[in-house]
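Trainee: pasting the sequence and the predicted coordinates here, then a few questions.
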Amino acid sequence: MEVTEANLQLLAGYLQQTLSADPNVRRPAEKLLESTELQQNYPILLLNLIDKAQMDMTTRVAGAIAFKNYIKRNWAAHLDSDGPDRIHESDRNTIKTLIVTLMLHSPVALQKQLSDAVSIIGKHDFPKKWPQLIDEMVERFASGDFNVINGVLQTAHSLFKRYRYEFKSQALWEEIKFVLDRMAKPLTDLLQATMQLTKVHESNAEALKVIYGSLVLVNKVFFSLNSQDLPEFFEDNINTWMGAFIQQLAADVPSLCTGDDEEAGVLEHLRAQVCENICLYAKKYDEEFKPFMEQFVTAVWELLVKTSLQTKYDSLVSHALQFLSVVAERQHYQSIFENPEILAQICDKVVIPNLDIRPSDEEIFEDSPEEYIRRDIEGSDIDTRRRAACDLVKTLSINFEQKIFGIFGQYLEILLTKYKENPATNWRSKDTAIYLVTSWASRGGTQKHGITKTSELVPLPEFCAQQIIPELERPNINEFPVLKAAAIKYIMVFRSILGPQVLANCLPQLIRHLPAESPVVHSYAACSVEKILTMRDASNAIVFGPQILAPHATQLISGLFATLSLPGSGENEYVMKAIMRSFSVLESATMPFMGVALPRLTEILTQVAKNPSRPHFNHYLFETLALCIKIVCQADASAVSSFEEALFPVFQGILQQDIVEFMPYVFQMLSVLLEMREGSGTIPEPYWALFPCLLSPALWDRTGNVTPLIRLISAFIKQGSAQIQALGKLSGILGIFQKMIASKANDHEGFYLLQNLLSYYPPDEIQGNLRQIFGLLFQRLSLSKTPKYLSGIIIFFSFYVIKFSGSQMAQLIDEIQPNLFGMLLDRVFITEMGKVPKEQDRKMVAVGVTKLLTETPEILQQQYATFWPRLLHSLIDLFERPPEKLKGLELGEPAGVAEDPDAGYQVAFAQLTHAQPKQQDHLAEITNARQFLATSLSKFAQARAAEFPTLLSPLEPEYKQVLQKYCDQAGVRIA
């Protein structure tokens, strides 16, 4: 693809089409660009388009986004998949030559996208493959153009922010040192010069906005560079930085104050970042920070007292409160807070005002319920005043429990009395009281169990009985919705503390609130029910089992499904998760509801398939469907055909329309349905109509499809191998095997597919392909052997020995290359078999190796005989030593719904809990592999009486003792 004017105009046309609201215009354009992107010069063409000033800005922005996504998808794809590099080497070099300059002279809308692209490239190439990047960036500090400087700082922030959360390693230290050597001094010089410019331009509002914007970015970069450890340069220049921070906190620039109550201005961002920076130092480097502590506590306190309740100050107040929490935690600063008057002031001027619900919070509650829920119960990254105030209350009540008890006790009484005087007007006071008790009493907990440790001074069950349950018992479920939500949340967070009896009394009230008009209230009610139903007792039994739940089942299930019809809750993930959990607990007791539930679930699936936008809701919807199949088919196996009748049209629509988000789920569901048919005759025709499509290469290029597709094809092989043979599709399946085995990420799937072929496919045809299959296995072994692959190949060859014979395997391998069988024993089995991780696989290896030792004459031939005692030695090690934990042995870890944000958009595979594949034990009849070894060796010793002592003699004495122990346990003799 040449960089020509005609190609630029063509590309611009397609980019414009990708912005169309009409999917018939948008999707073909997206597909065409996707198919074009691997051609040489495609990214260079994009960069030229982005740089073309006369091009429409919307098209240039679309080009910048397309470029960033292209980089996400392709820059490191070959490292993850073992596939070919998707970007030509010349294109890589050209991109790195052009992109920094292009980014820095581009308008802001383009700069952000290009900056992100630089940071993605930098994540993989910097510093080793792109050492000049930092020098190129630092040079621009001297340009004096703050638009350029801010572009550099934005890129530095994107590039370095991973230092905040990455695990410590030598490579990371070296990279940070490389950066500090080149960046620390210029950044400090830039800080000082910029602070000076704030005075020079104090009457120029526009200039000040850009200058203070630079200071925000300088502070962000400072935070990243100091996150892992305190760099020597910054320690030496701590006075410069802390002095600047004090000035920035005190800065009063009227021209930068925005009239907007919602949107934070540059000054708010700056102060919030300063609070974040000093919080880091107070937490990690308190020895060095000690001389500045009191000065900053005073500055932050003064800032908090004079900062109003407008939303634009939320991030600033949140970080300032976090700073006070960190200081209060430190033993040597507690004297600051010892004075009861100071504690009372903190409660009066800082804690209570920031715990109160504000009109802006009520607005979010009503107009953006999802955002409210995300901030309130999910602990989103957005800094809320309430959460920070709660954290400060928690810290103070842990460290100054007795003093705080009296102060908070008084406030609690005032708030509750105020509410009692006039509930309709003063309901907000009770809402604050509930938050105060929650944060005051909490000492620790988990997402799974809620709060599990509390202050002994706060009587939580009593507060629940007197203040919470009466709110839920009010006849009108739509009265005071904010207060209802707070009361329900109280039960949810303290569920582990309140005890089964209290929760059993609350359950009907929670169910009663499912039809509440407020999305927050009915979401909290559903979420609370779901969390209560997951609770287990000390013996790991479910606390609220089917017997307890059954009396409420009708109201619960009808209430949950009715909630999905309420405005704004058609795809409510909390409600769908509660439906799934209720079905899971009730099991067979859900049968009476299936006649209504299944058509409704199918209707919902048809609807959401048109525009999948809620990944969590969709996941729980498929979980619920899988669970329904399991429950109904356990009661009546023939019901599988009814499910097929209802679901096949929807599944076919999803596959035909290529709805990528749902494909991994559809393949899992088809596997469940097909596995339900096992042993019930032939596979029905609709499955066979689908089968050729499953072999389409395009499906296998999407990582999320691989695991469920392998399972589905294996189910076809198990039940319909004769028909696959008749259709002549073995070569297609072997093509998939070849693709899987070549991939580091998916080689375990290739071995699983191969085991199924050897177990269920007509042996005549498969035997003819074995030499080629073995050749591919050895080719991968020689080119790229990872710990995971070594484990897989040992398990597979052990399986082969058990299924066929060691002799057949040895002959086949030696046909590929003379003495290759000996190399396999020497370099793979003997050295690596102890590293096989899973117990069932270790049993397979143990039995396979036992058969090699005792039933394979080839191993006794002169060239291989020396391996016999060494193989036995390794087998005893396998029994006696735990498996080594090696990186790369986690086979197919289930993916979450969220993925690495820099990985590019790829639909992840999320394993449905209620559609788990059955674990097949090919050796169920062998319960003790040690005894199997002893028995087999005993027979072998009798059959080879003359040779056996010679074979056994090299074995070390302690290994002979272990072997004797196995024989004693099995009641056999070998000598």
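Mentor: Yep, it's here. Residues are numbered from 1 along each chain as shown.
Trainee: contact partners for the closest residue to Glu858 other than its chain neighbours?
Mentor: Spatial nearest neighbour of Glu858, excluding adjacent residues (Cβ to Cβ, 6 or more residues apart in numbering): Ala810 at 4.0 Å. Glycine gets a C-beta too; all of them are placed from N, C-alpha and C. The contact partners of Ala810, by Cβ atoms under 8 Å, 6 or more residues apart in numbering, come to 821, 856, 858-859.
Trainee: before we move on, what about Phe480?
Mentor: By Cβ under 8 Å, 6+ apart, the residues touching Phe480 are 423, 427, 471, 474.
Trainee: what pLDDT does it get?
Mentor: Confidence at Phe480, expressed as pLDDT, is 95.
Trainee: can you check Ser671 too?
Mentor: On the pLDDT scale, Ser671 gets 96.
Trainee: that one against Pro917, yeah?
Mentor: Yes: the criterion here is Cβ atoms under 8 Å, and Ser671 meets it with Pro917 at 7.2 Å.
Trainee: shared neighbours of these two, anything?
Mentor: In contact with both Ser671 and Pro917: Arg711, using Cβ under 8 Å, 6+ apart.
Trainee: more neighbours: these two, which one.
Mentor: A count of neighbours by other Cβ atoms under 10 Å puts Ser671 above the other of Ser671 and Pro917, at 23 against 17.
Trainee: helices or strands up against the helix or strand where that one lies?
Mentor: Counting by DSSP states H and E, the element that carries Ser671 is helix 663-676. Judged by 3 or more Cβ pairs under 8 Å, 6 or more residues apart in numbering; DSSP states H and E, helix 663-676 is in contact with helix 615-635, helix 640-656, helix 685-694, helix 703-727.
Trainee: could you check the angle helix 640-656 makes with it?
Mentor: Interaxial angle, helix 663-676 versus helix 640-656 (axes from the mean of the first three to the mean of the last three Cα atoms, to 10 degrees): 150 degrees.
Trainee: neighbours of Asp877, just the number please.
Mentor: 14.
Trainee: name the element it belongs to?
Mentor: Asp877 is part of helix 867-880, with elements assigned from DSSP H and E.
Trainee: contacting residues for the spatially closest residue to Ile238 that is not a sequence neighbour?
Mentor: Spatial nearest neighbour of Ile238, excluding adjacent residues (Cβ to Cβ, 6+ apart): Glu288 at 6.1 Å. Contacts of Glu288 were listed using Cβ under 8 Å, 6+ apart, and they are 230, 235, 238, 281.
Trainee: list buried residues within these.
Mentor: Among the contacts of Glu288, those classed as buried by 16 or more other Cβ atoms under 10 Å are 230, 238, 281.
Trainee: need the helices and strands packed on helix 663-676 in JSON lines with mean neighbour count, can you?
Mentor: Below are those laid out as JSON lines (neighbours: other Cβ atoms under 10 Å):
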{"stretch": "helix 615-635", "mean neighbour count": "20"}
{"stretch": "helix 640-656", "mean neighbour count": "17"}
{"stretch": "helix 685-694", "mean neighbour count": "15"}
{"stretch": "helix 703-727", "mean neighbour count": "20"}
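Trainee: in the top helix by length along the chain, which residues are buried?
Mentor: When the chain is parsed with DSSP state H, its longest helix is helix 170-200. By 16+ other Cβ under 10 Å, the buried positions in helix 170-200 come out as 175-176, 179-180, 182-184, 187-188, 190-191, 194-195, 197-198.
Trainee: packing partners for it?
Mentor: helix 132-139, helix 146-160, helix 205-226, helix 232-236, helix 238-250.
Trainee: dump the second one to PDB, restricted to CA.
Mentor: As requested, the backbone C-alpha atoms of helix 146-160 are provided in PDB (Å, rounded to 0.1, in the frame of the first residue of the first chain):
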ATOM      1  CA  PHE A 146       4.200  25.100  26.700                       C
ATOM      2  CA  ASN A 147       1.900  23.300  24.300                       C
ATOM      3  CA  VAL A 148       4.900  21.200  23.200                       C
ATOM      4  CA  ILE A 149       6.200  20.900  26.800                       C
ATOM      5  CA  ASN A 150       2.700  19.700  28.000                       C
ATOM      6  CA  GLY A 151       2.600  17.200  25.100                       C
ATOM      7  CA  VAL A 152       6.000  15.800  26.400                       C
ATOM      8  CA  LEU A 153       4.800  15.700  30.000                       C
ATOM      9  CA  GLN A 154       1.500  14.000  29.000                       C
ATOM     10  CA  THR A 155       3.500  11.300  27.200                       C
ATOM     11  CA  ALA A 156       5.900  11.000  30.100                       C
ATOM     12  CA  HIS A 157       2.900  10.600  32.400                       C
ATOM     13  CA  SER A 158       1.400   7.900  30.200                       C
ATOM     14  CA  LEU A 159       4.700   6.100  29.800                       C
ATOM     15  CA  PHE A 160       5.800   6.200  33.500                       C
END
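Trainee: now do the strands in this structure.
Mentor: Per DSSP state E, the chain has strands spanning 442-446, 450-454. These are given in chain order.
Trainee: partner strands of the last one and their direction?
Mentor: Read it as strand 450-454. strand 442-446 (antiparallel) (DSSP bridges).
Trainee: quick one, what contacts the nearest residue to Leu256 once chain neighbours are set aside?
Mentor: Nearest residue to Leu256 in three dimensions, chain neighbours excluded: Leu267, at 4.7 Å (Cβ to Cβ, 6+ apart). If a contact means Cβ under 8 Å, 6+ apart, then Leu267 has 212, 251, 253, 256-257 as its contacts.
Trainee: buried deepest among the strands of the chain, which one?
Mentor: strand 450-454 (a mean of 17; mean count of other Cβ atoms under 10 Å).
Trainee: could you list the low-pLDDT ranges of the stretch 301-450 of the chain?
Mentor: Within the stretch 301-450 of the chain, the ranges that satisfy pLDDT under 70 run 378-383, 444-446.
Trainee: do you have the helices of it handy? List them.
Mentor: With DSSP state H, counting those that start in this stretch as the criterion, the stretch 301-450 of the chain has helices at 314-329, 335-338, 340-345, 352-355, 359-367, 369-376, 385-399, 401-421, 423-441.
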